[in-house]
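Enquirer: heads up, no residue letters with this:
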């Protein structure tokens, strides 16, 4: 947040040149729908194939698995995506017509984030997300409607406790994904688990910060989730054969019993799957956090930009004079026609 002071006197033209670019809102919305649908199809397909396998083993267990799969699909896919999109985001990609409304929207969102933090610390017993002292000062700033103080305190909270908590969330999610995909031995379980757990990580980070990334950034995040899910499937499906060949060579080289080959193959293959999937989850968590912090910084810069001071009355009079000048020749022509 230290960059804010450097950018306090940035003009709007400088801001536009540095931070804004044309975006096709409809195309981005369509991309979001397509990516969400793609993730949903992957999760549904994996759950369906898991149900089939369980049903082949035991029909009653198969029916139970169908019910479990429906619950998983609703609560680990539909609910997280819905909650993410219900959150507001800062408007930072603006033009001459939208900049004023964007500033008002961003100010209101900052106040809502502050209220959420205050409410969280007041209602949640043993709350650890936000610094108690800073949140207390934030409550005073809200009562006095001190916008500059609210921005300053939010910046301190994000740089302190929220940063630590986000690291913990990312690490915990990545660890669970790594362990599950290491021991599952099923590409369908790996793929579905990576997808739903990464969506859960994104949701948790969004709730921690109190806002979500903009649609264009969210589209990139969903694309990464989709890619990671397919990567998990590919690793699970191919690593066993690849590592198995290496393990056989190692086993023969050290002249161990033949059973050691399969043991090495399973252990090494599973470890690779777990490490790769965990690493990809860390990357998407850091990517989401980077987008959130970047857009929070941009709205802070946007709030401090300087506009050219224009005398509205003077401009109106200038326009009025030009219109009257243009109207005189038309009036003369009309008189000649009448004559």
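Expert: Structure received. Predicted model only: the values in this text are computed from it and were never measured.

Enquirer: before we move on, what SS does residue 95 have?
Expert: Of the three states, residue 95 takes coil according to DSSP: H, G, I helix; E, B strand; the rest coil.

Enquirer: Report the contact partners of it.
Expert: 16, 20 (CB atoms under 8 Å, 6 or more residues apart in numbering). To be clear about C-beta, it is placed using only N, CA and C from the backbone, and glycine gets the same treatment.

Enquirer: and what of residue 55?
Expert: Here residue 55 is in contact with 61-63, 65 (CB under 8 Å, 6+ apart).

Enquirer: Kindly report the same for residue 284.
Expert: Residue 284 neighbours (CB under 8 Å, 6+ apart): 198, 201-202, 221, 224-225, 228.

Enquirer: before we move on, back to that, of the contacts of residue 55 - the most surrounded one?
Expert: residue 65 (20 neighbours; other CB atoms under 10 Å).

Enquirer: re the thing from before, could you export the contacts of residue 284 to CSV, including columns for secondary structure?
Expert: As requested, the contacts of residue 284 are arranged in CSV below (three-state DSSP):
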residue, secondary structure
198, helix
201, helix
202, helix
221, helix
224, helix
225, helix
228, helix
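
Enquirer: which one of the residues you listed sits closest to residue 141?
Expert: residue 202 (29.2 Å; CB to CB).

Enquirer: Does that closest one touch residue 80 like I think?
Expert: Yes - assessed by CB atoms under 8 Å, residue 202 is found in contact with residue 80 at 7.4 Å.

Enquirer: between those two, who's got more neighbours?
Expert: Between residue 202 and residue 80, counted using other CB under 10 Å, the more crowded position is residue 202 (26 against 20).

Enquirer: What is the burial count for the closest residue to the more buried one other than its chain neighbours?
Expert: Nearest residue to residue 202 in three dimensions, chain neighbours excluded: residue 288, at 5.4 Å (CB to CB, 6 or more residues apart in numbering). Per other CB under 10 Å, the neighbour tally for residue 288 reads 27.

Enquirer: who touches residue 288 in this structure?
Expert: Taking CB under 8 Å, 6+ apart as the test, what residue 288 contacts is 201-202, 205-206, 213, 221.

Enquirer: could you dump these to TSV with pLDDT and distance to residue 114?
Expert: What follows is the contacts of residue 288, written out as TSV (pLDDT from 0 to 100; distance: CB to CB, whole Å):
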residue	pLDDT	distance to residue 114
201	98	24
202	98	23
205	98	18
206	98	16
213	98	19
221	98	25
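
Enquirer: and residue 206, which of the three is it?
Expert: helix.

Enquirer: The stretch 201-339 of the chain: helices as residue ranges?
Expert: Taking DSSP state H, counting those that start in this stretch, the helices of the stretch 201-339 of the chain run over residues 215-253, 259-304, 312-338.

Enquirer: Now do the longest one: distance to the chain's middle.
Expert: What separates the centre of helix 259-304 from the centre of its chain is 13 Å, taken as CA atoms, centre = their mean, to the nearest Å.

Enquirer: Over to stretch 188-204?
Expert: With CA atoms, centre = their mean, you get 14 Å for stretch 188-204.

Enquirer: Check stretch 154-166 too.
Expert: On CA atoms, centre = their mean, the centre of stretch 154-166 falls 17 Å from the chain's centre.

Enquirer: Residues touching that stretch, excluding its own?
Expert: If you take CB under 8 Å, 6+ apart as the criterion, stretch 154-166 is touched by 1, 4, 110, 113-114, 117, 128-131, 134-135, 138, 205, 208-209, 285, 289, 293, 296, 300.

Enquirer: filter those residues to the buried ones?
Expert: 110, 113-114, 117, 129-131, 134-135, 138, 205, 208-209, 285, 289, 293, 296, 300 (16 or more other CB atoms under 10 Å).

Enquirer: Look at stretch 158-166 and report the distance between its end residues.
Expert: 10 Å (CA to CA, to the nearest Å).

Enquirer: Give me the mean pLDDT for it.
Expert: In this model, stretch 158-166 carries a mean pLDDT of 95.

Enquirer: List the buried residues for that stretch?
Expert: Applying 16+ other CB under 10 Å to stretch 158-166 flags 158, 161-162, 165-166 as buried.

Enquirer: Specify the local secondary structure of residue 22.
Expert: Applying three-state DSSP: residue 22 is coil.

Enquirer: Quick one, grab the pLDDT at it.
Expert: 90.

Enquirer: got it, and residue 269?
Expert: 72.

Enquirer: now it: how far from residue 324?
Expert: 83 Å (CB to CB, to the nearest Å).

Enquirer: Please apply the same query to residue 293.
Expert: 53 Å.

Enquirer: Repeat that for residue 193.
Expert: From residue 193 to residue 324 the distance is 73 Å (CB to CB).

Enquirer: With neighbour numbers in mind, choose between these two.
Expert: residue 193 (23 against 10).

Enquirer: about what we covered before: could the contacts of residue 55 go into JSON lines alongside pLDDT?
Expert: Shown next, in JSON lines, are the contacts of residue 55 (pLDDT from 0 to 100):
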{"residue": "61", "pLDDT": "96"}
{"residue": "62", "pLDDT": "96"}
{"residue": "63", "pLDDT": "96"}
{"residue": "65", "pLDDT": "97"}
